[in-house]
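J.: from the sequence below, what's the structure:
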Amino acid sequence: MAAVKLGADAIGFVFAGSQRKIDRDTARKISQCLPPFVSKIGVFVDEQSEEVRETAGYCGLDAVQLHGDESPAYLEALNLPVIKAFRVKDHSILEQIRVYNLPHILLDTYVGDQSGGTGKSFDWDIARQANALGRVILGGGLNGDNIENALITACPFAVDVSSGVEASPGKKDMRKLETFITKVRLWDNRTN
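T.: Reported below is the predicted structural model:
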């Protein structure tokens, strides 16, 4: 709720195995308290499609964010609004993104077998190039210190932050969150 009060446009609920994992009942309660026009996004990694659809319906999700090896066929069969996350190692990711042909893509940092939430950034010039392939949601190591440079370099449609505004894994730091959202909002106002 603090993130919403500060101006967040979307809230992510992590249902994948993570220190940030939330159970469905808690996510549903939070979802029901959110004001209109705040998007509710469920984060999954290689989950069975039926489980994703069930969770999305139960929790009132507006879209799902997929961080695993989900195929284009899986996404199509899911029949839900999807944000596919791609872990960026180098420019070769651009060819993989093309195969999916999606309106929204999330770019995160490649770190071995971790699916996200690493706090590490990647070459934001790759994100700038990916803008030609869909609306880029920039993730990966963003925080209050680097967000302005990330916005200037990557020109993303949106940003996704987690570890960069935490006091510890899963616990948001309100000061960091406020700094981050304030800088994004100031940038947004300058570019519109």
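J.: just the strands from this structure, written as ranges.
T.: 10-14, 39-44, 63-66, 82-88, 104-109, 135-138, 158-159, 166-168, 171-172 (DSSP state E).
J.: list of residues touching the lengthiest helix in the chain?
T.: Longest helix in the chain, counting residues (DSSP state H): helix 174-191. Residues from elsewhere that reach helix 174-191 (CB atoms under 8 Å, 6 or more residues apart in numbering): 2-3, 6-8, 142-144, 147-148, 151, 159, 161, 164-167. The C-beta positions use only the backbone N, C-alpha and C, and glycine is treated the same way.
J.: that one - what's its average pLDDT?
T.: If you average the pLDDT over helix 174-191, you get 88.
J.: over to stretch 69-77?
T.: On average, stretch 69-77 scores 95.
J.: distance check, the residue nearest the centre of the chain against Asn79.
T.: Compute the mean C-alpha point of the chain, and by CA atoms, centre = their mean the closest residue is Asp160, 4.4 Å away. Asp160 sits 23 Å away from Asn79, going by CB to CB, to the nearest Å.
J.: same check, this time on Met174
T.: Using CB to CB, Met174 is found at 37 Å from Asn79.
J.: more crowded one of those two?
T.: Ranked by neighbour count (other CB atoms under 10 Å), Met174 and Asn79 place Met174 first, with 12 against 9.
J.: okay but Ala8 is in contact with Val38, surely?
T.: Yes. Here Ala8 reaches Val38: they are 7.0 Å apart, a contact under CB atoms under 8 Å.
J.: more neighbours: the two, which one.
T.: Neighbour count, other CB under 10 Å: between Ala8 and Val38, Ala8 has more, with 20 against 16.
J.: next one: phi and psi at that one?
T.: The phi and psi values for Ala8, taken as degrees, to the nearest 10, are phi -60, psi 140.
J.: for it, which non-adjacent residue is spatially closest?
T.: Leaving aside its sequence neighbours, Ala8 sits nearest to Ile181 (CB to CB, 6 or more residues apart in numbering; 6.3 Å).
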